[in-house]
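Visitor: structure of the sequence below:
(4 chains, ligands or ions: 6)
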Amino acid sequence: MAVIPLNTHDHQPIRLCRSEIVSITEIAWETFVLRLKEPALSQNAHPGQFVEIRVPRCADILWRRPFSIHDADGEAETIDILFHAVGRGTEALKHLQVGDVLDLLGPLGNSFHIDDHLTEAIIVAGGLGIAPFKLFLRKTRQRNVPTTLFYGVGKKEQLCRLDDFQPSAQVRVSSVDGSVGSRGMVTDLLIEHLRTVPDMERKCLFVCGPTPMLRKVQEIAAQFQIKAQVSVETIMACGFGVCVGCAVPMRFPDPGKKEYFLACKEGPVFNMEEIIIHD
Amino acid sequence: MAVIPLNTHDHQPIRLCRSEIVSITEIAWETFVLRLKEPALSQNAHPGQFVEIRVPRCADILWRRPFSIHDADGEAETIDILFHAVGRGTEALKHLQVGDVLDLLGPLGNSFHIDDHLTEAIIVAGGLGIAPFKLFLRKTRQRNVPTTLFYGVGKKEQLCRLDDFQPSAQVRVSSVDGSVGSRGMVTDLLIEHLRTVPDMERKCLFVCGPTPMLRKVQEIAAQFQIKAQVSVETIMACGFGVCVGCAVPMRFPDPGKKEYFLACKEGPVFNMEEIIIHD
Amino acid sequence: MIDMSVKIGPLRLQNPIMTASGTFGYAEEFKDIIPLNQLGAVITKTVTVEPRPGNPPRRIVELNNGMLNSIGLPNVGVEQFIIEKLYFLQSLKTTVIVNVAGKTGDGFVECVRRLEDVDGIAGYELNYSCPNVKEGGLSFSSNAATAAQVTRAVRRVAKRPLIVKLTPNVTSISEIGLACQENGADAVSAINTLVGMAVNVKTRRPKLATITGGYSGPAIKPIALAKVYELVSKLTIPVIAIGGIATVEDVLEFLITGASAVQLGTVNFYDPGASVRIIDELHAYCIQHQLGSLSEIIATLNISR
Amino acid sequence: MIDMSVKIGPLRLQNPIMTASGTFGYAEEFKDIIPLNQLGAVITKTVTVEPRPGNPPRRIVELNNGMLNSIGLPNVGVEQFIIEKLYFLQSLKTTVIVNVAGKTGDGFVECVRRLEDVDGIAGYELNYSCPNVKEGGLSFSSNAATAAQVTRAVRRVAKRPLIVKLTPNVTSISEIGLACQENGADAVSAINTLVGMAVNVKTRRPKLATITGGYSGPAIKPIALAKVYELVSKLTIPVIAIGGIATVEDVLEFLITGASAVQLGTVNFYDPGASVRIIDELHAYCIQHQLGSLSEIIATLNISR
Ligand SMILES: Cc1cc2nc3c(=O)[nH]c(=O)nc-3n(C[C@H](O)[C@H](O)[C@H](O)COP(=O)(O)OP(=O)(O)OC[C@H]3O[C@@H](n4cnc5c(N)ncnc54)[C@H](O)[C@@H]3O)c2cc1C
Ligand SMILES: Cc1cc2nc3c(=O)[nH]c(=O)nc-3n(C[C@H](O)[C@H](O)[C@H](O)COP(=O)(O)OP(=O)(O)OC[C@H]3O[C@@H](n4cnc5c(N)ncnc54)[C@H](O)[C@@H]3O)c2cc1C
Ligand SMILES: Cc1cc2nc3c(=O)[nH]c(=O)nc-3n(C[C@H](O)[C@H](O)[C@H](O)COP(=O)(O)O)c2cc1C
Ligand SMILES: Cc1cc2nc3c(=O)[nH]c(=O)nc-3n(C[C@H](O)[C@H](O)[C@H](O)COP(=O)(O)O)c2cc1C
Ligand code: FES
Ligand code: FES
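Guide: Ligands and ions are numbered 1, 2, ... in the order given. The predicted model follows:
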C-alpha cells in the first residue's frame, strides 16, 4: 500500500488578519459557530487547514488558540470556526459579540488530500472532530466523490445539526449513551461498514477526533488495509513552525536525525500509518 | 502645639465581606459611586477608614485595591465608594453591574479625629481626595462642628455634585482652568481663608489629595500654626499590616529602630507634622 | 476522619498548610479574618537580635501575577518580640515557628539562643537570604561553606527543630541544601524570593528604592517547583515548598512532587482567606479520592515515560 | 530622520530589536507575516555540528504569562543548515546572527569554524545553556572556568563578532559574564530560560516529558531585568537583553537600564507582528521625546535617591 502524498501549501502566504465577527451561534451544548468576515481566507482555505486566534482582552492567556476552518464561503467572503468551550480561552471566545474584531493568523498547515479517483471518502469524526469536515464535504461534492460520514458523540446534546452534512454525504450517527443514532462507539459503525464494502484500495478514511478514537481507527485501518488520513490536535504555541513544540513521533524515524513531524507545518493531516498516536 | 492623639480602631474586627452592588453611578468624568449592601460596615465605619476590594474576574491583577469609605448609611445598611477610573483595576470595577458581589476587606485603618471643641473643621480636598469627606461631614453635622470645605479640581467635569456636601458645610470650589469656582489652586483659597479667621488653636485642617497639594498644605499649616490631619494614599499590597510595604517616613524617627509608619495600620490619617510627605 | 497531618522531621503538623514568613505578620493581624487554629503552622516575620527600621519606600511593586518587595526585614528586635508579639502566638493552638536572621552567623546564634528560653515556640526557620555583611552582602545560602557553618553553629544552641530557608538565586540549591542537611538541619524550606527589578519608564527610575528586590507570587511557582524537585531528589530530610502557591491545585503539585508541607506567602496579602479555604479543599480532595490520609499523595510523582 | 541604530561592539544594527534564538525559526517562517528587513537583527535557531531530532513530546506547556519548553535543540546540523536554511537568510538585508551550541567545547569550535567559510553571517551567538556532556549535564555557563575556556577556544577560530548567551540559573551571572569578556566575547546576551516545572495533578505526571524545562515569557521579565542590571554594572562589553520582552515599554525598561539592544522571544509565537510594531513605536517614542537618536536613552537609569 503506497503512502498518499499529502498536500502542502508552502507557497500559500500566511497572513495576520483582523477579522470581524459576522455572527456567533450556539449550535449544540456549549458548542458555537463563529462566522468571520475574511475575504482572502474564504477563497483559498483547504479542508484540514486551521487558523490561530488570539483570545482578546485576556492579557494573561499567552498562546493563540488553534481551530480548524470549519467552512469557507468564497461568495459571502466568510469563514466559519466550530468550537467547544472547554477552557479559559474558548470560554472567553463564546462571550464575544457581533462586530468584535479578532486577531487571526492563517491559513495554517496542510490539508486532506482528496484523490479524484476515490470511490468513497469515509469520514470518521468524534465529537468536535467534525469541525474540518463541512469544508471537506464542499470539496467532495464539487468533485463528485461519494462520501460517507460516521459521526460519534457522547450524547444527543453534543450533536451538531446534520443539515450541514446530509446533502453531501451519507450520514451515520452514534452516541455513547444511545440518545441519538445507534448506541456505542463510532468505530463500531465503521467496522460494520467496512465489513460490507469492497474495493479498499480506492477508498480512504478521513479522521479527526479524540485520541482513543484515533488509536482505534489506526487499528481498524491496519486490519482492513485501508488508507487513512488523520488530523491531529497537539498542543501548539505558535501554529506556524517556529516553536517546534508540536512534535508528533514518526512511525518510521531516521534515528538521531528526524524522529518527529511538526503538527502545525507538516500536519495537522498525516497518513495514519506514518505517525505514532500520542496523548 | 500639642500633637493630636489620632483614633485607632484596634479592637474593631476586620472582616472579609461579600457585598452586593446596590448601584453604580457615574457622577463626574470617569468618576463613579459604588453603593454596596454592607450591614456591618455601614454601622461602624469611621471617616478616613478604608476598605480593600478584590477586582473580580481579573486573575492577573494581584493586589486588592484600597478605597476610602465615602459614605456609610446605617439605616439603608449601605456603604459608598467613590472612585476614579485610573488604571486596570478601576477600569474593571466601573464595568460591574448591580447585583454583582464584591470580595471586600474592612474596615481598615484609623480615622480622622474630630475634637468636639473645634470651632471650625476645615477640609482641604483635591480631586478624588474628596472621597472620605462625605462620611466626615455626617459626623461634624451630628456633633455640630462648623465645617468649611475647600475643594479643588482640575476642571469642571471632574467636580462631584456639591449637594452631598453643601447642607453640612460651607463649600468653596476652585479649578485649575477656572471652569468652575475660582481659578487656581485650592490652597490659594485656603490661605485666603486662614488670613481672615482667628483662633487657630481650636481649628483643624482635614486634608486629602495629591502629593503636591499635601506638600503645600504642610507648608501652610506650619506657617499658620494650625493643626492638620492628612489622609495619605501609599501603594498597598495588603491594607491590614502584614506586607509592611506602605511605609511613610516619620518626621521624628527613632533612628535604627522605628523610622516609618505603616499607612494602612497607623494611618491612613496622620498628624501632618509627624510625617514626611513622599511620592 | 481523614488524617491530614504531615511530619516534618521531629515536627508533626495537623495539616501541611503553613504561612510564610513576612506575609503573615505575627498572626495576630489575621485573628478576625480566619480561624488561626486551623492552620498547619504559622511562621513569624523574621526576627533579628537588634530592631530594624526596614528600607525606605518605595518598598513594593505590583506586577502581573507577582510582586517585588524590598521591605528590609523591619522588626522590633528579639527582646521586644518576646515582650510584644509572643504572647498572642503562645495563645494559639497551632504550631508556631519563629523565623530568625542575622547580619553575621553570630546574629543567628544569638537570636535562637534567646528564643530557646521562652515557651510556645515549636521550631525555628533560618532566613539565609538576609545579606551577609561579612561576605559583602551575599546571602548566607549562596555559598555552601557558609550555609554549613551557620547551620552547625545554630544547631549547637537549638534544641528545637531547625528549618533552613533557601534562596533560589544560586547555581545549585541542592548543594546548599545538602550542606545544611549534613550540619544538622531537620528540614529545608524553599524558595525565598527571586532577585527581580522593574523600571518606571516615565521617570527612568527603578520602581523600588533599593533598585532590585524580591520577586514573589504565582509567577515564580514553576521555578519553585523545579527547585523543590531538585531538593527532594537529592536530600533525605523533608522539604517544605514555598513560592507562588495560591490554590489547592498548587499545593497538590508540590506535595505530589515530594514536598512534606507548603507555605503560602504573597497570596495572604490579596486573599487572606486562602489558607483555611485550601485546608478545606484538601480535605474534600482526600474524600473525593478516597484517601485515608493526606500524606499518601506526598512524593507520588510518576516520572516513568 | 531619527537615528535608531545601536552599536554592539563591532556590529552596528539599524535598530535594537533582535529576534531571539529558537523563537524565530530561520526567519523564513515569518516572511509573509512581517517585513523582515526592518528588524535590527535576526538570530537563528541553535545550530549544532550533528543533526538533532529534539526531545519527545510533550515539549511545551502554557502557563499564566509564561510557558515552559523542553524542545531539545532539534536542528538539521550545520552542513544541512548551510544547504537548506542559509540561502534565505543571505537574501535578507537585515543583520543575521547564527546561534550555535555543542555538547562539548569542541562542538562549538567546529560549528563556528564551518560557518566562517560561508557568507551572509554577521556574527555568532554561543548558546551556553546547552547541557555540557563532559561536565555531567551542567550548562557551559554555570561555571566561569568552562565559560572562559570555551569562549577563548571559539574566539581563536571566529573572525566575526561573538556574543555569549548566558543562563540566569547561576549564583552570579556577572562572574560568568566577566569570564567571557576577558576571553574575547564582544558582547553577552541574557537571559536564556529559567529552569521551571509543572505537574498535572490529575495524572500526577510532570507536564513536560523531560520533567523540568525552560521558563520564558512576560513572567520572567523582572528577573531578566535584574540580571541585565547586574551585567551592565559589572561588564564593559555591551549587554543584549532577553527575557519576557513583549511591548515597547519593556524594551525601554531594558534600554534605560543599560542594554545595548534587546531580543524578543516567546512573544513571536503569539504576537508575530510584535517586533516590527515595536520598532515603529520606538520611533514614535523618539519623536515624542524629541530624541535625535535612540541610543540617547541607553543607560539613563537614574538611581539617585
Ligand atoms: C490543528 C488544531 C485544530 C483544532 N480545531 C479545533 C476546532 O475546530 N474546534 C475546537 O473546538 N477545537 C479545536 N482544536 C482544539 C482547540 O485548540 C482547544 O480546544 C483550545 O485551544 C482550548 O483552549 P482553552 O483556552 O479553552 O482551553 P485550555 O484552558 O487551554 O485547556 C482546556 C483543555 O483543552 C486542552 N487543550 C488545550 N489546547 C489544546 C489543543 N491545542 N489541542 C487539544 N487540546 C487542547 C487542554 O489540555 C485542557 O485539557 C484544535 C486544535 C488543533 C491543534
Ligand atoms: C487608603 C487609600 C484610600 C484610597 N481611596 C481612594 C478613593 O476613595 N477613591 C479613589 O478613586 N482612589 C482611592 N485610592 C487610590 C486607589 O487605591 C487607586 O486609584 C487604585 O488602587 C488604582 O487601581 P488601578 O488598578 O485602577 O490602577 P493601577 O493600574 O494599579 O495604577 C494606575 C495609577 O494609579 C497609581 N496607584 C495605584 N495604586 C495606588 C494607590 N494605592 N494609591 C495611590 N495611587 C495608586 C499607580 O501608581 C498608577 O500611576 C486610595 C488609596 C489608598 C491607599
Ligand atoms: C512582602 C514580603 C515580605 C517577606 N518577608 C520575609 C521575611 O521577613 N522573612 C523571610 O524569610 N521571607 C520573607 N518573604 C519571603 C516569603 O516568605 C516567601 O519565601 C516568598 O515570598 C515566596 O513565596 P510566595 O511566592 O508564596 O510569596 C517575604 C515575601 C514578601 C512578598
Ligand atoms: C520554545 C523555545 C525554544 C528556544 N530555543 C532556543 C534555542 O534554540 N537556542 C537558544 O539559545 N535559546 C532558545 N530559547 C531561549 C530564547 O531565545 C530566550 O532566551 C528565552 O526564551 C527568554 O526570552 P523570552 O522570555 O522573550 O522568550 C528558546 C525559547 C523558547 C521559548
Ligand atoms: S506549534 Fe509551533 S512549531 Fe508547531
Ligand atoms: S499595606 Fe500591607 S502593611 Fe500596609
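Visitor: could you give the number of residues near the residue lying closest to A:Arg251 once chain neighbours are set aside?
Guide: In space, and not counting its chain neighbours, A:Arg251 is closest to A:Glu274: 5.3 Å by C-beta to C-beta, 6 or more residues apart in numbering or on different chains. Glycine gets a C-beta too; all of them are placed from N, C-alpha and C. By other C-beta atoms under 10 Å in any protein chain shown, 16 other residues sit near A:Glu274.
Visitor: for A:Glu274, phi and psi?
Guide: phi -90, psi -10 (degrees, to the nearest 10).
Visitor: my guess is it contacts A:Met250. True?
Guide: Yes: the pair A:Glu274 / A:Met250 is scored as a contact, 6.6 Å apart, by C-beta atoms under 8 Å.
Visitor: hey, what's in contact with both of these two?
Guide: With contacts taken as C-beta atoms under 8 Å, 6 or more residues apart in numbering or on different chains, A:Glu274 and A:Met250 have A:Phe261 as neighbours in common.
Visitor: just the mean pLDDT for stretch C:112-126, thanks.
Guide: Across stretch C:112-126, pLDDT averages out at 96.
Visitor: for that stretch, what is the distance to the chain centroid?
Guide: 16 Å (C-alpha atoms, centre = their mean, to the nearest Å).
Visitor: any idea how far apart the tips of that stretch sit?
Guide: End-to-end span of stretch C:112-126 (C-alpha to C-alpha, to the nearest Å): 9 Å.
Visitor: what is the burial count for the residue of the stretch 51-200 of chain C at minimum distance from ligand 1?
Guide: Residue nearest to ligand 1 within the stretch 51-200 of chain C (C-beta to the nearest ligand atom): C:Asn65, separated by 16.1 Å. Around C:Asn65 there are 25 other residues, counting by other C-beta under 10 Å.
Visitor: one more: A:Pro132?
Guide: 29.
Visitor: likewise for A:Arg161?
Guide: A:Arg161, neighbours per other C-beta under 10 Å, totals 10.
Visitor: might one say that it is in contact with A:Ile27?
Guide: Yes: A:Arg161 is in contact with A:Ile27 according to C-beta under 8 Å; the separation is 6.0 Å.
Visitor: so where's chain A uncertain?
Guide: Counting by pLDDT under 70, the low-confidence segments of chain A come to A:1-6.
Visitor: all the helices of the stretch 1-150 of chain A, residue numbers only.
Guide: According to DSSP state H, counting those that start in this stretch, the stretch 1-150 of chain A carries its helices in the segments A:39-44, A:88-94, A:133-142.
Visitor: am I right that A:Tyr278 sits in a helix?
Guide: One thing to correct before we go on: residue A:278 is His, not Tyr. No: going by DSSP: H, G, I helix; E, B strand; the rest coil, the assignment for A:His278 is coil, not a helix.
Visitor: just checking, it touches A:Met250?
Guide: No: using C-beta under 8 Å, A:His278 is not in contact with A:Met250; the gap is 11.0 Å.
Visitor: which stretches in chain C count as helices?
Guide: Along chain C, the segments classed as helices by DSSP state H run C:78-84, C:86-90, C:105-116, C:144-157, C:173-182, C:221-234, C:248-257, C:267-270, C:274-288.
Visitor: how about the fourth one, does it reach chain D?
Guide: No: Helix C:144-157 stays out of contact with chain D when judged by C-beta under 8 Å from any C-beta of the partner chain, the minimum separation being 10.4 Å.
Visitor: what helices and strands are in contact with that helix?
Guide: Contacts defined by 3 or more C-beta pairs under 8 Å, 6 or more residues apart in numbering or on different chains; DSSP states H and E place helix C:144-157 against helix C:105-116, strand C:123-127, strand C:162-165, helix C:173-182.
Visitor: what residue in the stretch 1-150 of chain A comes nearest to ligand 5?
Guide: For the stretch 1-150 of chain A, C-beta to the nearest ligand atom, closest residue to ligand 5: A:Pro66, 7.9 Å.
Visitor: look up how far D:Phe269 lies from that residue.
Guide: 12 Å (C-beta to C-beta, to the nearest Å).
Visitor: which one of the two has more residues nearby?
Guide: More neighbours surround D:Phe269 than the other of A:Pro66 and D:Phe269, with 26 against 23 (other C-beta under 10 Å).
Visitor: how about the residues of chain A near chain D?
Guide: Near chain D, when you scan chain A using C-beta under 8 Å from any C-beta, you find A:13-16, A:54, A:59-60, A:62-64, A:105, A:234-235, A:237-238, A:240-249, A:253, A:255-260, A:278-279.
Visitor: these: which ones sit near ligand 1?
Guide: With the criterion set as C-beta under 6 Å from any ligand atom, the members of these near ligand 1 are A:Thr234, A:Ile235.
Visitor: only whichever of the residues of chain A next to chain D are buried, select them in PyMOL.
Guide: Command for PyMOL that selects the buried part of the residues of chain A next to chain D, burial taken from 16 or more other C-beta atoms under 10 Å in any protein chain shown:
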select buried, chain A and resi 14+16+54+59+60+62+63+64+105+234+235+237+238+240+241+242+243+244+245+246+247+248+259+260+278
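Visitor: what residue in the stretch 201-305 of chain C comes nearest to ligand 5?
Guide: C:Pro222 (19.8 Å).
Visitor: list the residues that contact that residue.
Guide: Taking C-beta under 8 Å, 6+ apart as the test, what C:Pro222 contacts is D:Leu63, D:Gly66, D:Leu68, D:Gly196, D:Met197, D:Ala198, D:Tyr215.
Visitor: my guess is C:Val170 meets C:Ala190, correct?
Guide: No: assessed by C-beta under 8 Å, C:Val170 is found out of contact with C:Ala190, at 10.3 Å.
Visitor: check contacts around C:Ala224.
Guide: Counting by C-beta under 8 Å, 6+ apart, C:Ala224 has contacts C:Pro168, C:Ala190, C:Ile191, C:Ala241, C:Ile242, C:Gly243, C:Gly244, C:Ile245, C:Phe254.
Visitor: burial measure for the residue nearest to A:Asp199 when sequence neighbours are not counted, as a count.
Guide: Excluding its sequence neighbours, the residue lying closest to A:Asp199 (C-beta to C-beta, 6+ apart) is A:Thr119, at 5.7 Å. When neighbours are defined as other C-beta under 10 Å, A:Thr119 has 15 of them.
Visitor: now do the contacts for A:Thr119.
Guide: With the criterion set at C-beta under 8 Å, 6+ apart, A:Thr119 makes contact with A:Pro146, A:Asp199, A:Arg202, A:Lys203.
Visitor: need the buried ones from these selected in PyMOL.
Guide: To isolate the buried members of the contacts of A:Thr119 in PyMOL, using 16+ other C-beta under 10 Å:
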select buried, chain A and resi 203
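Visitor: residue 45: neighbour count?
Guide: In the absence of a named chain, chain A is used. Counted with other C-beta under 10 Å, A:Ala45 comes out at 25.
Visitor: sorry, should have said chain C
Guide: C:Lys45: 25 surrounding residues under other C-beta under 10 Å.
Visitor: again with A:Gly87
Guide: 10.
Visitor: likewise for A:Glu26?
Guide: So A:Glu26, with other C-beta under 10 Å, has 11 neighbours.
Visitor: ok, C:Lys31 next?
Guide: 14.
Visitor: in the stretch 51-200 of chain A, which residue sits nearest ligand 4?
Guide: Proximity of the stretch 51-200 of chain A to ligand 4 (C-beta to the nearest ligand atom) peaks at A:Leu62, 10.5 Å away.
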